[in-house]
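*Asks:* Just need the structure, nothing else, for what follows:
(2 chains)
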Protein chains: 2
Amino acid sequence: MSTYHPLTIDEAVSLARSIPGHFPADAKLACKEIGDGNLNLVFHITDQSGSDKSIIIKQALPYAKVVGESWPLSLDRARIEREALQLQYSLCPGLVPEVYAFDDHLAITVMEDLSDHVIMRKGLIEGVSYPLFAGHIGEFLARTLFYTSDLAMGPQDKKEQVKKFINPDLCKITEDLIFEDPYKLSDNNNYPAYLEDEARDLRENAALHLEVALLREAFLTRTEALLHGDLHTGSIFATPESTKVIDPEFAYYGPMGFDIGAIIANLLLNYAAQPGWTKDEAARRDTEQRLLQTVSDIWQEFEARFRKLWNEEARDPMSGAPGYQDVYIAKVLRDTAGFAGCKIIRRIVGLSHVADIDTIEDEQIRETAQRKALAIGKLLVLNHRSIQTGNDIVRLAKQASQPFEGAVL
Amino acid sequence: MSTYHPLTIDEAVSLARSIPGHFPADAKLACKEIGDGNLNLVFHITDQSGSDKSIIIKQALPYAKVVGESWPLSLDRARIEREALQLQYSLCPGLVPEVYAFDDHLAITVMEDLSDHVIMRKGLIEGVSYPLFAGHIGEFLARTLFYTSDLAMGPQDKKEQVKKFINPDLCKITEDLIFEDPYKLSDNNNYPAYLEDEARDLRENAALHLEVALLREAFLTRTEALLHGDLHTGSIFATPESTKVIDPEFAYYGPMGFDIGAIIANLLLNYAAQPGWTKDEAARRDTEQRLLQTVSDIWQEFEARFRKLWNEEARDPMSGAPGYQDVYIAKVLRDTAGFAGCKIIRRIVGLSHVADIDTIEDEQIRETAQRKALAIGKLLVLNHRSIQTGNDIVRLAKQASQPFEGAVL
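*Replies:* Below is the predicted model of the structure:
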């Protein structure tokens, strides 16, 4: 048994060399630490002798560095992330990196190197189009959510999975940053002074608080499926042909709509940011339309696959009750819309932002994007309980954006 | 560490004698095994030398004996029951027996003897009135459900509690016997041939299946609070002045309405059985009215206390959102009605019945009681999603009973 300590570069190289059957015996290994240093160390190890082999070693740190402070975090999250990765890989081998080895005492996972892919958020900011993405992520969502639910598992096995993925520390981050801080005065909030009017509305909007309380309750109490738990465009490596979902350290049993809402929220944040990135009016409208279409497609791709899995493979003895599948999916859609809204809001006023919006250079365009995103987020949260089709989400996003068309604040 | 084996009478006496400070040194202990032998051994140990001291030792057996068969059950349920008892006692010391000692390896809990009380089901069959019961059980429900929920606990502590009370074996019994078997052909079902028309309707009633599927889903996925999990009138020791809730071996984190529905279901079963027990017409009507009033009172006593606890002690940061408490309680009420209906139905056609109905000697009166109970159960399940006040439950029970007034089948 190894005692936990952060690996040195040399130790990472030795570890990489010890993985059976990966690098050739005469490999000349180079190693670079490429993590952002906030939560994890990430070692990228490549063979310089021409074998073209490479590997990633991810090691959890016992704290989170946020706004200069240190927030203690259980190392058990590395075990949770590793087990979630392995489970997701077994369900969607083309959409998740392969785990080669792990050491839970060192909080280490050794996995497939995906550096031929680009973080999707970066690709979206650069205007890359991902025509296969909706199908890929719809597949990932349908399979991971269906097969880990009571619909597909025996309830006894599922309860053991729930126990295995109890993840208090990482859930607490979500509970605080998404379902609490944006709605009160908090040192964790982070927004420019010019958004104080919006921040005040978030603090005082009683109708919004009710809907957020209900979504928070769902996050706290509904063990529907094993979630990725942090499925934004920074947790996805992509090329136009390939999609790989990474970093499930927030994995836990929660409401299915939380994962679907997360990815939709991040596409809508990029949508709201388009005036900052695509100067040509016609091109911008095309990109915006494509992003909204992707949002709609993701829901449709998810729903079609989820229904097919249900029809062909559901094991729950009551799952064939007439009308039950429709009621179930309607609930997942309502949750999707509500969680998408919460995730948008927190990325504007909460602790952690997105580059899509924050790196827009022109302050007026940035402010318009921020206000547009907040308008979309609030409308989704306020209306989530009455949403009935996937297109309702797109319709609400357009409706919220309308006042900002051509606006100069 | 003790190795598990079922205790002998002599071992039970030795164990009782070893509990510090309970029996006097010269106690002459007598011991009788009084369990029904299906799931547990229950030793009742009394001092015959005049000290008036007594004690109960409950030991879990590694199986359930049902219809002659043996169903393996984890001994860990003794630990779960013991921890639930201790937690409930800490929250409601007057309403739960005190635990004096335990041994998890032997699956043993040593606890307060309540033999001055009577099992409430027996008391109700004998026509005993319990004027304080609604207040007592409302208190038990409000305090145990509130204080173990995310409303009152920090979400991190609550998640550790969820993990501690994952209870797959005992939940499986509920999932099978309440939320599956009555709605299909199953060897676990148990009803007289004359009820075949009703059993067929339960198997074929599509609208009913949808509602049962939704209630089953809630039971499987909603970790709202630590439930007793089996709160029928056989799990309650009572006198007209005192109420003690026992046997929480089915404890797990589930939807609050399941516990409230269980107790209401068992009062309604006794209500449906009244023509078998109270021959005098006026007296019968009085008793029926009193039972319905108790159902209504239980909800009101629970709701008033739960709201008070929420207003005074809620720690969840979003719990003060305007309107949230009302929406939350409306959900608990809908669940209460639906679960009550499921619990009534299974007691008529499922594996395990209630003496209130099964021991009615006159077959015609018994059949009327069974059909009336089924009518109440079905109406509650079918309408549970539109129930809005506690009195709606009583109204539906009366409505379902109407056709059976004075009926001779």
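*Asks:* how near is A:L145 to chain B?
*Replies:* As judged by Cβ to the nearest Cβ, to the nearest Å, A:L145 and chain B stand 12 Å apart. In this view, the C-beta of every residue, glycine as well, is placed from N, C-alpha and C.
*Asks:* where are the low-confidence patches of the stretch 201-350 of chain A?
*Replies:* Counting by pLDDT under 70, the stretch 201-350 of chain A has no low-confidence residues at all.
*Asks:* Quick one: name the residues of it near chain B.
*Replies:* Counting by Cβ under 8 Å from any Cβ of the partner chain, the residues of the stretch 201-350 of chain A close to chain B are A:206, A:209-210, A:212-214, A:216-217, A:220-224, A:316-319, A:321-324, A:327-328.
*Asks:* same thing but 10 Å
*Replies:* Within the stretch 201-350 of chain A, the residues that sit near chain B (Cβ under 10 Å from any Cβ of the partner chain) are A:206-225, A:252-255, A:316-328, A:331.
*Asks:* in the helix or strand containing A:Q399, what's buried?
*Replies:* In this structure, A:Q399 sits in helix A:390-401 according to DSSP states H and E. Within helix A:390-401, the residues scored as buried using 16 or more other Cβ atoms under 10 Å in any protein chain shown are A:G390, A:D392, A:I393, A:V394, A:R395, A:L396, A:A397, A:A400, A:S401.
*Asks:* do you know how far the residue lying closest to A:V381 once chain neighbours are set aside is from chain B?
*Replies:* Excluding the flanking residues, the one nearest A:V381 by Cβ to Cβ, 6 or more residues apart in numbering or on different chains is A:G341, at 3.6 Å. Note on A:G341: its distance to chain B, by Cβ to the nearest Cβ, is 15 Å.
*Asks:* Repeat that for A:L177.
*Replies:* 12 Å.
*Asks:* and that residue, how many residues sit next to it?
*Replies:* As a burial measure, A:L177 scores 19 neighbours (other Cβ atoms under 10 Å in any protein chain shown).
*Asks:* just A:I80 next, same as before
*Replies:* As a burial measure, A:I80 scores 23 neighbours (other Cβ under 10 Å).
*Asks:* where does it fall, helix, sheet strand or coil?
*Replies:* A:I80 carries the three-state label helix when classified by DSSP: H, G, I helix; E, B strand; the rest coil.
*Asks:* from memory it sits against A:G229, does it?
*Replies:* Yes: the criterion here is Cβ atoms under 10 Å, and A:I80 meets it with A:G229 at 9.3 Å.
*Asks:* Can you spell out the domain ranges of chain A, please?
*Replies:* A:9-111, A:118-404 (automatic domain parsing).
*Asks:* tell me how far the longest one is from the chain's mean position?
*Replies:* Averaging C-alpha coordinates over domain A:118-404 and over its chain gives two centres that are 8 Å apart (Cα atoms, centre = their mean, to the nearest Å).
*Asks:* tell me the most buried of the domains of chain A?
*Replies:* Most buried of the domains of chain A by mean neighbour count (mean count of other Cβ atoms under 10 Å in any protein chain shown) is domain A:118-404; its value is a mean of 20.
*Asks:* quick revisit: which strands and helices lie in contact with the helix holding A:Q399?
*Replies:* Packed against helix A:390-401, as judged by 3 or more Cβ pairs under 10 Å, 6 or more residues apart in numbering or on different chains; DSSP states H and E, are the following elements: helix A:257-273, helix A:281-313, helix A:324-349, helix A:363-383.
*Asks:* Report the angle between the third one and helix A:363-383.
*Replies:* Inter-element angle recorded for helix A:324-349 and helix A:363-383: 150 degrees (by axes from the mean of the first three to the mean of the last three Cα atoms, to 10 degrees).
*Asks:* With the shortest one instead?
*Replies:* With the same axes, to 10 degrees as the basis, helix A:257-273 and helix A:363-383 are set at 150 degrees to each other.
*Asks:* about what we covered before: any idea which of the helices and strands packed on helix A:390-401 gets closest to B:I178?
*Replies:* Among the helices and strands packed on helix A:390-401, helix A:324-349 comes nearest to B:I178, with 17.0 Å by Cβ to Cβ.
*Asks:* Tell me the helix or strand right after that closest one.
*Replies:* Following helix A:324-349 in sequence, per DSSP H and E, is helix A:355-358.
*Asks:* so what does that following helix touch, helix or strand wise?
*Replies:* Short answer (3+ Cβ pairs under 10 Å, 6+ apart): helix A:355-358 packs on helix A:120-125, helix A:257-273, helix A:324-349, helix A:363-383.
*Asks:* Please list the residues outside it that contact it.
*Replies:* A:119, A:121-122, A:124-125, A:190, A:192, A:233-234, A:266-274, A:276-277, A:347-348, A:365-367, A:369-370, A:372-373 (Cβ atoms under 10 Å, 6 or more residues apart in numbering or on different chains).
*Asks:* quick revisit: hang on, the residue nearest to A:V381 packs against A:R385?
*Replies:* No: in this structure, A:G341 is not within contact of A:R385 by Cβ under 10 Å, at 11.5 Å.
*Asks:* Between these two, which contacts overlap?
*Replies:* In terms of Cβ under 10 Å, 6+ apart, A:G341 and A:R385 are both contacted by the residues A:E211, A:L215.
*Asks:* ok, back up a step: by how many degrees do the helix holding A:Q399 and helix A:324-349 diverge?
*Replies:* With the same axes, to 10 degrees as the basis, helix A:390-401 and helix A:324-349 are set at 20 degrees to each other.
*Asks:* and the angle from helix A:390-401 to helix A:281-313?
*Replies:* 150 degrees.
*Asks:* Quick test: name the residue nearest the centre of chain A.
*Replies:* Central residue of chain A (Cα atoms, centre = their mean): A:L231, 1.2 Å from the mean position.
*Asks:* Report the contact partners of that residue.
*Replies:* A:L231 neighbours (Cβ under 10 Å, 6+ apart): A:137, A:140-141, A:144, A:245, A:247-248, A:250, A:258-266, A:343.
*Asks:* Relative to A:A340, how far out is it?
*Replies:* 11 Å (Cβ to Cβ, to the nearest Å).
*Asks:* Common neighbours of those two, please.
*Replies:* Counting by Cβ under 10 Å, 6+ apart, the common neighbours of A:L231 and A:A340 are A:F258, A:I260, A:G261, A:A262, A:I263, A:I264, A:A265, A:N266.
*Asks:* wait, what's in contact with the fifth one?
*Replies:* With contact set as Cβ under 10 Å, 6+ apart, A:I263 has these partners: A:120, A:133-134, A:137-138, A:140-141, A:228, A:231-233, A:235-236, A:245, A:294-295, A:298, A:302, A:336, A:340, A:343.
*Asks:* Just read off the phi/psi values of the residue lying closest to A:R290 once chain neighbours are set aside.
*Replies:* Excluding the flanking residues, the one nearest A:R290 by Cβ to Cβ, 6+ apart is A:S129, at 6.5 Å. Per-residue torsions, A:S129: phi -100, psi 140 (degrees, to the nearest 10).
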